[in-house]
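S.K.: heads up, no residue letters with this:
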């Protein structure tokens, strides 16, 4: 797998060379090891282990219903009242983060109305703080620690 701009963690991998799986400690099961999943697992471990995010308030692959269509958020951080607070979208390390990626996460936010939008390809990480009063957003220099939210 590609080198990431995220710290290493105790990776648990099983399966075959053709069909490797990685353990997702949030879903408590092994999932297909894709380049995007490689980024997701590193990112959520970093959030929990380095940034102080409570493991119990994070969810991976969260389904959203929009009429008869189902959307799937890569990760969501909930607040203590179980209200979504942050949407995180992952891309493979080889995927360039473009406006199209932000359009995708913004579509999810039309349903969830969160405070923070985060996009990462494992090499570059972007975080926007929403300002609904002024109908704008601000790019932050870093992903905030949980205590800063």
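M.R.: Good, I have the coordinates. Note that this is a predicted model, so its numbers are computed, not measured.

S.K.: Over to the residue most central in space within the chain. Which of the three states is it?
M.R.: Nearest to the geometric centre of the chain sits residue 88, at 3.0 Å (C-alpha atoms, centre = their mean). Assigned by DSSP: H, G, I helix; E, B strand; the rest coil, the conformation of residue 88 is strand.

S.K.: and if you look at residue 75?
M.R.: Three-state assignment for residue 75 (three-state DSSP): strand.

S.K.: Would you check that it makes contact with residue 57?
M.R.: No: between residue 75 and residue 57 there is no contact under C-beta atoms under 8 Å: 10.8 Å. For the C-beta atoms, the positions are set from N, CA and C on the backbone; glycine is no exception.

S.K.: neighbour count winner among those two?
M.R.: The neighbour count for residue 75 versus residue 57, taken as other C-beta atoms under 10 Å, is higher for residue 75 (21 against 16).

S.K.: Check which helix or strand residue 21 maps to.
M.R.: Using DSSP states H and E, residue 21 sits in strand 20-24.

S.K.: still on that earlier bit, measure the residue nearest to the centre of the chain to residue 6 for me?
M.R.: 13 Å (C-beta to C-beta, to the nearest Å).
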